[in-house]
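# Let me see the structure of the following:
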Amino acid sequence: MSRRGDGVKTWETPTEPRSSSRTERWRHCERFRPGIAALLIAWAMAVPTAASAAPPALPPSAASPPRPVSSATAPKPAASAARSVSPQAASKLTPSARRQALLRAGAAVVGVEVRALPDAPTNRMMGGLRNGSGVVIGQDGLVLTIGHLLLEAEEVDLRLNSGRSVPARVLAADPVTGFGLVKALLPLEVAPVPLARDTVVRRKDKLLLVSGGTQRAFSAPNLSARRPYSGYWEYHLENALFTRPLRTDHAGAGLFNDRGELLGIGSLLVIESPAEYERGPGNLFVPIDLLKPVYDELLQQGRSSASRRAWLGVNCLQGADGVGIAFVSADSPAEAAGLQQGDAIRRIDGVAVDDLASFYKQLWGGGNAERDITLTVQREGVSLDITLQSVDRSEALHRVKGI
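Numbering: from 1, shown residues only. Predicted coordinates for the structure are as follows:
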């Protein structure tokens with residue numbers, strides 16, 4: 001169960017942690033306004049714990065982070081993720097440089113305001129007006145955000161911390177990684193941030209979470225888990241980052257390490273965070289190391305090659321009795337084939353379905369994006385074989401005329 005973007009609910013609205021004690025409210029520190037950002041920066045600059053005593057340093061030229069302009073001419077913003085940094089190099093990062101890096105990270109997060117096409121099917125779930133955040137990663141105004149904000153977008157504006165609004169255009173929305181890219185149409189005059197070279201995150205590493213826009217806020221979350229995640233809307237992510245406590249302004253927000261390097265982009269609110277370290281409601285972030293392999297494809301094609309995969313339009317939950325359909329998307333192959341809420345999916349093309357992950361992997365790996373697929377479902381005690389004609393999800397989305 002999750003909520004995607006501000007105000008977009010799936011099954012239930014989570015209750016945010018409350019406390020009657022001022023000390024407890026401060027300890028939860030769910031949201032910090034910019035006026036308290038200095039406290040977070042001071043906290044992040046404290047002496048590292050043993051678990052993170054030798055973190056990687058900032059890129060060699062902190063003032064000149066990656067500058068993606070086009071796939072043919074620009075350095076890849078995630079290219080530094082493959083390089084290792086010695087503990088000796090990491091120790092050279094001075095407190096002053098660390099503080100400046102954290103300040104730059106906070107300043108690089110902007111608001112993303114989206115108006116979707118009036119007839120967009122995704123408006124039923126996400127609404128026609130969507131607000132989130134994005135992180136400036138290129139000198140030319142390239143902003144990384146979460147892709148579901150941009151689905152079927154008609155207009156996109158970037159809300160800077162100064163209050164200025166800058167129009168932007170959508171470059172990519174990738175359903176596999178979840179990333180979205182937009183490019184400002186006017187100069188942003190915002191310094192981009194570097195992408196993390198070392199994306200290994202430990203439980204006690206100090207993290208900084210920043211959202212942009214009119215409700216700009218800072219917080220210092222804790223890592224609660226790093227593990228696979230399967231979403232009800234035909235989505236699976238390996239090695240997702242989970243943090244606590246929850247933030248409701250998570251969509252597109254930037255998660256940074258204590259050197260001001262981007263670790264991940266906010267995607268979801270999860271009701272029950274995995275219990276690898278601690279349980280409770282929290283957020284899911286798409287790790288930045290997924291960007292490098294698909295960066296060129298996102299610029300050239302607007303999505304990764306792996307995103308050309310089958311889509312049925314079934315929204316499923318995993319329970320004790322297996323995988324069940326929670327609801328069927330309108331105008332989808334599932335609706336056309338007569339699948340219903342409450343159907344329990346037992347097999348796909350004869351292969352047993354044990355959980356959401358196995359269902360998705362068979363769906364995507366079983367052949368072309370557009371093909372006949374047979375689902376064996378249990379409905380009111382009766383086993384039914386239903387054949388669907390899957391489609392390429394991206395091809396089914398509405399686009400602005402001429403694009």
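# residues in contact with stretch 151-166?
Contacts of stretch 151-166 with the rest of the structure, by CB atoms under 8 Å, 6 or more residues apart in numbering, involve 34, 107, 110-118, 120-123, 126, 134, 141, 143, 150, 167-170, 173, 182, 184-186, 188, 190, 212-214, 216, 397-400. Using the backbone N, CA and C atoms, a C-beta is placed for each residue, glycine as well.
# And the helices in the chain?
Assignment of helices within the chain using DSSP state H yields the ranges 22-28, 37-44, 87-90, 95-107, 123-126, 291-301, 333-337, 356-365, 393-396.
# Worst mean pLDDT among the ones you listed?
Within the helices of the chain, confidence is poorest for helix 22-28, with a mean of 33 (mean pLDDT).
# Report all helices and strands that the strand ranked longest in the chain contacts.
In the chain, with assignment by DSSP state E, the single longest strand is strand 262-273. In terms of contacts (3 or more CB pairs under 8 Å, 6 or more residues apart in numbering; DSSP states H and E), strand 262-273 is packed against strand 2-4, strand 129-136, strand 142-146, strand 222-231, strand 235-244, strand 254-256, strand 280-287.
# So for the last one, mean pLDDT?
Pointing back at strand 280-287 there. 92.
# Which strands or helices does that strand pack on?
Secondary structure elements in contact with strand 280-287, counted by 3+ CB pairs under 8 Å, 6+ apart, are strand 222-231, strand 235-244, strand 262-273.
# Next, the angle from the longest one to strand 142-146.
For strand 262-273 against strand 142-146, the angle between stretch directions is 10 degrees (axes from the mean of the first three to the mean of the last three CA atoms, to 10 degrees).
# mind listing what's buried in strand 262-273?
Within strand 262-273, the residues scored as buried using 16 or more other CB atoms under 10 Å are 262-271, 273.
# just stretch 354-366 next, same as before
Within stretch 354-366, the residues that count as buried by 16+ other CB under 10 Å are 356-357, 359-360, 362-364.
# I'd like to know how many residues surround residue 293.
Counted with other CB atoms under 10 Å, residues neighbouring residue 293 total 14.
# Give me the neighbour count for residue 286.
Neighbours around residue 286, by other CB under 10 Å: 25.
# The one 10 residues further on now?
Neighbouring residues of residue 296 were enumerated by other CB under 10 Å; the total is 16.
# Next: the one 10 residues further on.
Other residues within reach of residue 306 by the criterion other CB under 10 Å amount to 14.
# Is it correct that it is in contact with residue 236?
No: using CB atoms under 8 Å, residue 306 is not in contact with residue 236; the gap is 11.3 Å.
# hang on, the earlier thing: tell me which of the helices and strands packed on strand 280-287 sits nearest to residue 311.
Checking the helices and strands packed on strand 280-287 against residue 311 by CB to CB gives strand 235-244 as the closest, at 10.5 Å.
# what comes into contact with that closest one?
If you take CB under 8 Å, 6+ apart as the criterion, strand 235-244 is touched by 175, 177-178, 201, 207, 209, 221-231, 255, 263-264, 267, 270, 273-274, 276, 278, 280-287, 356-357, 360-361.
# Okay, angle between that strand and strand 280-287 too, please.
Using the same axes, to 10 degrees: strand 235-244 against strand 280-287 is 120 degrees.
# Can you give the strand pairings for strand 235-244, parallel or anti for each?
strand 222-231 (antiparallel), strand 280-287 (antiparallel) (DSSP bridges).
# Could you say which of those strands is packed most deeply?
Mean neighbour count (mean count of other CB atoms under 10 Å) peaks for strand 280-287 among those, with a mean of 23.
# That strand: how far from the chain's middle?
In terms of CA atoms, centre = their mean, to the nearest Å, the centre of strand 280-287 is set 9 Å apart from its chain centre.
# Could you tell me which of the contacts of stretch 151-166 belong to strands?
Short answer: these in strands (DSSP E) are 110-116, 134, 143, 167-170, 173, 182, 184.
# who wins for neighbours among these?
Most surrounded of these: other CB under 10 Å gives residue 134, at 33 neighbours.
# do you know how far that residue is from residue 109?
According to CB to CB, to the nearest Å, residue 134 stands 7 Å off from residue 109.
# same thing with residue 373?
41 Å.
# Of the two, give the one with the bigger neighbour count.
residue 109 (29 against 19).
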